[in-house]
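*Asks:* give the three-dimensional model of this entry:
(one chain, ligands or ions: 2)
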Amino acid sequence: MESGPCSRPAEPRHCVSGRAGAGLAFPAFPLSAAGAEPGSRIGTVAAVLPAGGCGERMGVRTPKQFCRVLERPLISYTLQAMERVCWIKDIVVTVTGENMEAMRSIIQRYGHKRISLAEAGATRHRSIFNGLKALAEDQPGCELTRPEVVIIHDAVRPFVEEDILLRVVLAAKEHGAMISQIWLQNKLSSIPIEAAGAIRPLVSTVVSPSADGHLDHSLDRAKHRASEMPQAFHFDVIYEAYQKCSDFDLEFGTECLQLALKYCHRKAKLVEGTPDLWKVTYKQDLCAAEAMIKEKISQEICVVVNTKDEESVGHLLEEVLRNELNCIKVTSTVLDRTSGDIENFIDQCYSFICVNVVSSESRETRKLLSILEESSLPLLYPVVVVLVHCFDFTVVPLAQKMENLVWIRELAKEAKGRNVLLSGVLLNHSQDEQKLQESLVQSAAIIAALVKERNSALVGQLLVA
Ligand SMILES: Nc1ccn([C@@H]2O[C@H](COP(=O)(O)OP(=O)(O)OP(=O)(O)O)[C@@H](O)[C@H]2O)c(=O)n1
Ligand SMILES: O=C(CO)[C@H](O)[C@H](O)COP(=O)(O)O
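*Replies:* Ligands and ions are numbered 1, 2, ... in the order given. Predicted coordinates:
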C-alpha cells in the first residue's frame, strides 16, 4: 500500500463543504437534507474505491476506469468527486500491479489529494477487501487511520455527489447508533442497521429463466430495486464480514450489503439515489458520461468585453446571449488595457466569450489565455474561448478580414496543447438595425454550439455570423 504523490491541487478553491482533508467529521451543512439532527457528529470517514477490473463488457483493451472522457481518465472524475468532500479523510484506490504506475501518474497529473493505493484482487470483492485491509491499521507500515465509517464506491461511477455520500453515511451511522442503543437495553429483537446503500427503481423487469431458456417466473418490478453505489458501513462491521465470508462469496459475490447481513447480521438501510449514479459498463456509457460532463460544464459562460461603453456591440451581444440561451448563466466583465484583471472572476466557468469591440488586436485574448494557463481549469476540463470580432461587413470585405485574422490559427494551436479550445466568430456590426440583430442572434447560436459541443475540429476556425 502506498500514498499517492500530489504536486498541485485538482480544484483548490472548490472544496464543497469546508476544510479539505480535515478528516473530522462533520460539516455544518446539509444535515437537514439527510434527515439528521443538526450538530450530529461522527468519527472519521474513509472511502475504498475498487478500480482493479478489466472492463470486459466494455470490449476495449484499456480498463474502463482509465478510458478517456474529454481527454481525462474516467477515474480522475470519480476521484475529483470524492476528494471534494472534505469530511472524507482517506481515499484508498485498489489497482492492479500492472496499472499502479499509470494510476500514480494520474494522481500526479491531476493533483488528486488524500489518495492511497492498494493492490487490487482478482474479483471486485477481493479488491474491496484489500482496500479495507489497508485501512485496518493491522498492515505493516500502514499510515492510514482506521475509520469509524467506510464508504465503498466503484471507481467507474463518476457522478457521485456529496449529498448521497452524506445520506448513506448518516443512514449507516445514525441507524446504527440508535438501534444498537435499544439493542443494548434488550428491547429490540430485530437486526441492527450499520450499513446503507443507494438504490434506484428498476428500469426493466427482472425475469428468471429456466434451464432450457424459457421464462420460469418474473419478479414484481415495483417490489424490487437496483442496488447502486455508494454504500457506507461501520468499518468494523464490513471488515468483519469480509474476514468471515467464504471463498465462494469473494469469488462470485456482487453485493457488499449482503455480506454485512449474512456475516454480521446488519440489515442495510436502503437510500433512494439519483439517476446519475449508474455504473459505466458498456462503450455507450462513455458517450453518456461525456455528454453529462459537457452539459455540466456548459451551464455558465463569461463574456469578456474590451470596452466599458455600455452601448457597445459587446454588451448588445451579452444581452442577446442572455435572452437566447436562457438555460445558460451569462456573467460578464470588462477587460481594458489598464484594469484588465480577470483573475478574480475565473472560478468554475469553463467558457469565455472574448468580444473585441475596439480593435482587432488579440492582446486581451492573449491575456485571458495566459491566465487560463496558470489556473487549474483547463487541466480538469477543456475550456472554450470564443474570440468575437465585430466589424461592418460592408466596410471591410470578409476575405480581407479573414486574412488579417489568420494568426488565430497559430494561437489556437498553442492553446489546444493546453486544453483550451479557441475559435473565432465574425459579427456583422452593421449600421442596419435588422442585419445587426440577425448577426447577433446567429453569433449567439454559434457560441452556444461551440460551448455545448466542445468540438476540437472547430479549433482555430473563423465562423461568420
Ligand atoms: N477484480 C476486480 C474487478 C472489478 N473491480 C472494480 O469494481 C468496480 C465495478 O466492477 P465492474 O463494473 O464489474 O468492473 P469490471 O470488472 O472492470 O467490468 P466487467 O465486469 O465488464 O469486466 C469497477 O470500478 C472495477 O474496476 C475491482 O476493483 N477488481
Ligand atoms: O451492483 C453493485 C451493487 O452492489 C456493485 O456496484 C457492483 O458494481 C457489482 O459488480 P459487478 O458488476 O462486478 O458484478
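*Asks:* can we go C-alpha only for contacts and neighbour counts from here?
*Replies:* Noted.
*Asks:* in the stretch 101-250 of the chain, which spans are helices?
*Replies:* Assigned by DSSP state H, counting those that start in this stretch, the helices in the stretch 101-250 of the chain fall at 124-135, 162-184, 235-244, 247-252.
*Asks:* again, but for the stretch 301-450 of the chain
*Replies:* So, for the stretch 301-450 of the chain - with DSSP H, counting those that start in this stretch - the helices run 313-324, 363-374, 377-380, 398-404, 407-416, 433-453.
*Asks:* can you check which of those helices gets nearest to ligand 2?
*Replies:* When those are compared by C-alpha to the nearest ligand atom, helix 377-380 sits nearest ligand 2, at 25.6 Å.
*Asks:* pLDDT (mean, whole number) over that closest one?
*Replies:* The average pLDDT for helix 377-380 rounds to 85.
*Asks:* by contact count, what packs against it?
*Replies:* Counting contacts by 3 or more C-alpha pairs under 8 Å, 6 or more residues apart in numbering; DSSP states H and E, helix 377-380 packs against no other helix or strand.
*Asks:* distance to ligand 2 and mean neighbour count added to the helices of the stretch 301-450 of the chain, as a markdown table?
*Replies:* Shown next, in a markdown table, are those (distance: least, C-alpha to the nearest ligand atom, whole Å; neighbours: other C-alpha atoms under 10 Å):
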| stretch | distance to ligand 2 | mean neighbour count |
| --- | --- | --- |
| helix 313-324 | 41 | 20 |
| helix 363-374 | 37 | 17 |
| helix 377-380 | 26 | 20 |
| helix 398-404 | 53 | 12 |
| helix 407-416 | 36 | 17 |
| helix 433-453 | 30 | 18 |
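*Asks:* the protein against ligand 1: which residues are in contact?
*Replies:* Within reach of ligand 1 by C-alpha under 6 Å from any ligand atom, the chain has these residues: 50-58, 94, 120-124, 127, 154-156, 281.
*Asks:* go with 8 Å
*Replies:* 49-59, 63-65, 94-96, 120-128, 153-157, 279-282 (C-alpha under 8 Å from any ligand atom).
*Asks:* so which of those residues also contact ligand 2?
*Replies:* Okay, of these touching ligand 2 (C-alpha under 8 Å from any ligand atom), that's Gly53, Thr123, Arg124, His153, Asp154, Lys279, Thr281.
*Asks:* what's the neighbour count on the fifth one?
*Replies:* When you say that, I think you mean Asp154. Number of residues near Asp154 (other C-alpha atoms under 10 Å) recorded here: 26.
*Asks:* identify the residue spatially nearest to the residue most central in space within the chain, adjacent ones excluded.
*Replies:* Centroid-nearest residue in the chain: Tyr77, 4.4 Å away (criterion: C-alpha atoms, centre = their mean). When the adjacent residues along the chain are set aside, Tyr77 lies closest to Pro158, with 5.4 Å between them (C-alpha to C-alpha, 6 or more residues apart in numbering).
*Asks:* how about the contacts made by Leu369?
*Replies:* Residues near Leu369 by C-alpha atoms under 8 Å, 6 or more residues apart in numbering: Ala415, Val420.
*Asks:* how much space between it and ligand 1?
*Replies:* 36 Å (C-alpha to the nearest ligand atom, to the nearest Å).
*Asks:* ok, Gln431 next?
*Replies:* 59 Å.
*Asks:* equivalent analysis for Glu240, please.
*Replies:* 19 Å.
*Asks:* what about that residue, neighbour count?
*Replies:* 14.
*Asks:* just the one 3 residues further on next, same as before
*Replies:* The criterion is other C-alpha under 10 Å. On that basis, Gln243 has 12 neighbouring residues.
*Asks:* renumber starting at 29 from here on
*Replies:* Let's use 29 as the start, then, which means that last one is Gln271.
*Asks:* what confidence value was assigned to it?
*Replies:* 98.
*Asks:* and Ile370, by the same measure?
*Replies:* Value for Ile370, per-residue pLDDT: 63.
*Asks:* how about the residues of the chain that lie near ligand 2?
*Replies:* Counting by C-alpha under 8 Å from any ligand atom, the residues of the chain near ligand 2 are 81, 151-152, 181-182, 254-258, 281-285, 307, 309.
*Asks:* swap the cut-off to 6 Å and go again
*Replies:* Going by C-alpha under 6 Å from any ligand atom, the residues of the chain near ligand 2 are Arg152, Ser255, Glu256, Met257, Thr282, Glu283.
*Asks:* any idea which element Lys322 lies in?
*Replies:* helix 311-325 (DSSP states H and E).
*Asks:* list the contacts of that helix.
*Replies:* Met86, Gly87, Val97, Leu98, Val308, Cys377, Tyr378, Tyr409, Lys480, Glu481, Arg482.
*Asks:* with stretch 434-450 instead?
*Replies:* 397, 401, 406-407, 409-415, 451-452, 482, 484, 487-489.
*Asks:* okay then, goodbye and thanks.
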